[in-house]
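[1] I'll drop the sequence and a predicted model, then ask my questions.
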Amino acid sequence: MKSSPNSLLPSPTSHSLPSPSKTSFTDSRPFWLTLYFFFNLGLTLYNKGVLVRFPFPYTLTAIHALFGSLGGAVLARFQVFVPPRLKKNETTVLLAFSVLYAINIVVSNVSLQLVTVPFHQVIRSTTPIFTIIFSALLLGKSSSRWRVITLIPVTVGVGLATYGDYYFTRWGLILTLLGTVLAALKTIFTNVLQSPVPSLTDPTPKSFLSQIYPFSILAQARLHLNSLALLSLLSPLAFVQCVVLAYLTGELDRVRLYSQQEMTGTRLLALALNGCIAFGLNVVSFSANKKVGALGITVAANVKQVLTILCAVMMFHLNITTLNSLGILLTLLGGAWYARVEYLEKQEQQQQRNRTI
């Protein structure tokens, strides 16, 4: 069974197929970025409401992973994609990535307890900068001067949009910076895992950092998986790791007590719907990452932050200052500027390829 070019889901094979010369709208970057914003905003606002009544972040993440596992199994059952069979070295790569994924969640949750939300968002807004650094160190990919310049209004804009109660401890600052580095690495390797294996005539550039374990494994981790195949492999691992984390932190005992005393059918349904939205976001996020690239998706995440603020202001009738409004506008303009620069660079590269043919 083969999917048509206009299918919204990835190819039914475990490996991505070459894209056709004519790209349909449903296979374009704007389409997947729009879906990314829609699902990301929806889940962020929904999580805010769910965590108020279900304050168990590790368990909630485990629920997301469980629905990712179930969703992947159902789609594989209906032959939407074929689950890949990995070799031993490929399994090692996937396990290493899943550990990176789990540690990223832990560090993010712990750091939030030691710093205020505005400070956390400002530090996390520097993720694109770390993405540029690690893309160069690990993969030998460089970004143009204009792409780097467009990150300035985006990062400054997030800082102004979230300006407020900036408080942090020393360990809070260290862990928030560590979480930002891990988020950049996770985004890069999500893209790498879906990339084709480089040919002998076009080898992956090497750097000193790519020779150090475990980066030496991940830097060559081009498994060429499509988004559904990657999600179906990662979700069970993430589920097990999150359950273990919930157990080690004592959260499972609190969940058990909550289930006996406060759980209702409505709340159970809300958690199930939350899991479904998370599954949709994971599929869209992996697909958008592959099409837009690691740096592009981190810039999109920053723009998503200020759109979340706008939605929260409208939904919860919050007040924002003139400085916050300026930050929102600056971030949106910076995001649009980045998209414009990326588009022009892609056009120039395409013209150069056409001239060489």
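    Okay, I see it. Numbering: from 1, shown residues only.
[2] burial check on L329, number of neighbours?
    15 (other C-beta atoms under 10 Å). Yep, even glycine has a C-beta here, placed from its N, CA and C like the rest.
[3] show me the contacts for the residue nearest to it when sequence neighbours are not counted.
    Among residues not flanking L329 along the chain, G157 sits closest, at 7.4 Å (C-beta to C-beta, 6 or more residues apart in numbering). For G157, the contact set (C-beta atoms under 8 Å, 6 or more residues apart in numbering) comprises 302, 306, 327-334.
[4] which two of those residues have the greatest separation?
    Greatest spacing in the contacts of G157, by C-beta to C-beta: N302 and L329 (13.7 Å).
[5] sorry, back to before: now the residue nearest to L329: phi and psi?
    phi -60, psi -40 (degrees, to the nearest 10).
[6] how close does it get to E342?
    18 Å (C-beta to C-beta, to the nearest Å).
[7] same check on I320?
    Counting by C-beta to C-beta - I320 and E342 are separated by 29 Å.
[8] likewise I63?
    Between I63 and E342 the computed distance is 35 Å (C-beta to C-beta).
[9] pretty sure R147 sits against Y343.
    No: contact criterion C-beta atoms under 8 Å: R147 and Y343 do not qualify, at 11.5 Å.
[10] give me the more crowded residue out of these two.
    Each of R147 and Y343 has its neighbours counted (other C-beta under 10 Å); R147 has more, 19 against 12.
[11] what ranges do the strands span in the stretch 251-357 of the chain?
    With strands called from DSSP state E, counting those that start in this stretch, the stretch 251-357 of the chain shows none.
[12] neighbour count winner among I320 and E342?
    More crowded of I320 and E342, by other C-beta under 10 Å: E342, with 21 against 16.
[13] chain neighbours aside, what residue packs nearest to the more buried one?
    Counting by C-beta to C-beta, 6+ apart, G296 is the residue found nearest to E342 once chain neighbours are left out, at 6.4 Å.
[14] likewise for L66?
    Using C-beta to C-beta, 6+ apart, the nearest residue to L66 is F239, at 5.2 Å.
[15] do you know how far that neighbour is from V82?
    Remark: distance between F239 and V82 (C-beta to C-beta) = 22 Å.
[16] with neighbour numbers in mind, choose between the two.
    Taking neighbours as other C-beta under 10 Å, F239 and V82 compare with F239 leading, 20 against 16.
[17] list the buried ones in the helix ranked longest in the chain?
    In the chain, taking DSSP state H as the definition, the longest helix is helix 322-356. By neighbour count on 16 or more other C-beta atoms under 10 Å, the buried set for helix 322-356 is 324, 327-328, 330-332, 334-335, 337-339, 341-342.
[18] now those residues as JSON lines including pLDDT?
    JSON lines is the format used below for these (pLDDT from 0 to 100):
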{"residue": "N324", "pLDDT": "78"}
{"residue": "G327", "pLDDT": "82"}
{"residue": "I328", "pLDDT": "77"}
{"residue": "L330", "pLDDT": "85"}
{"residue": "T331", "pLDDT": "79"}
{"residue": "L332", "pLDDT": "76"}
{"residue": "G334", "pLDDT": "81"}
{"residue": "G335", "pLDDT": "76"}
{"residue": "W337", "pLDDT": "83"}
{"residue": "Y338", "pLDDT": "79"}
{"residue": "A339", "pLDDT": "74"}
{"residue": "V341", "pLDDT": "82"}
{"residue": "E342", "pLDDT": "75"}
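[19] run through the helices of the stretch 1-150 of the chain in chain order.
    Remark: helices assigned in the stretch 1-150 of the chain by DSSP state H, counting those that start in this stretch are 29-53, 57-77, 88-112, 117-124, 127-139, 145-161.
[20] now these as JSON lines including mean pLDDT and distance to S227?
    Output for the helices of the stretch 1-150 of the chain, formatted as JSON lines (pLDDT from 0 to 100; distance: least, C-beta to C-beta, whole Å):
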{"stretch": "helix 29-53", "mean pLDDT": "75", "distance to S227": "10"}
{"stretch": "helix 57-77", "mean pLDDT": "88", "distance to S227": "10"}
{"stretch": "helix 88-112", "mean pLDDT": "78", "distance to S227": "14"}
{"stretch": "helix 117-124", "mean pLDDT": "72", "distance to S227": "24"}
{"stretch": "helix 127-139", "mean pLDDT": "81", "distance to S227": "19"}
{"stretch": "helix 145-161", "mean pLDDT": "82", "distance to S227": "24"}
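[21] among these, which is nearest L173?
    Minimum separation from L173 across those (C-beta to C-beta) falls at helix 117-124, 7.7 Å.
[22] what angle do that closest one and helix 322-356 make?
    For helix 117-124 against helix 322-356, the angle by axes from the mean of the first three to the mean of the last three C-alpha atoms, to 10 degrees is 20 degrees.
[23] what about G42, distance to I174?
    32 Å.
[24] let me fix that: V50
    For V50, the distance to I174 - C-beta to C-beta - is 29 Å.
[25] so those two - more neighbours on which side?
    V50 (19 against 14).
[26] so the more buried one makes contact with G275?
    No: contact status for V50 versus G275: not in contact, 10.2 Å apart, counting by C-beta under 8 Å.
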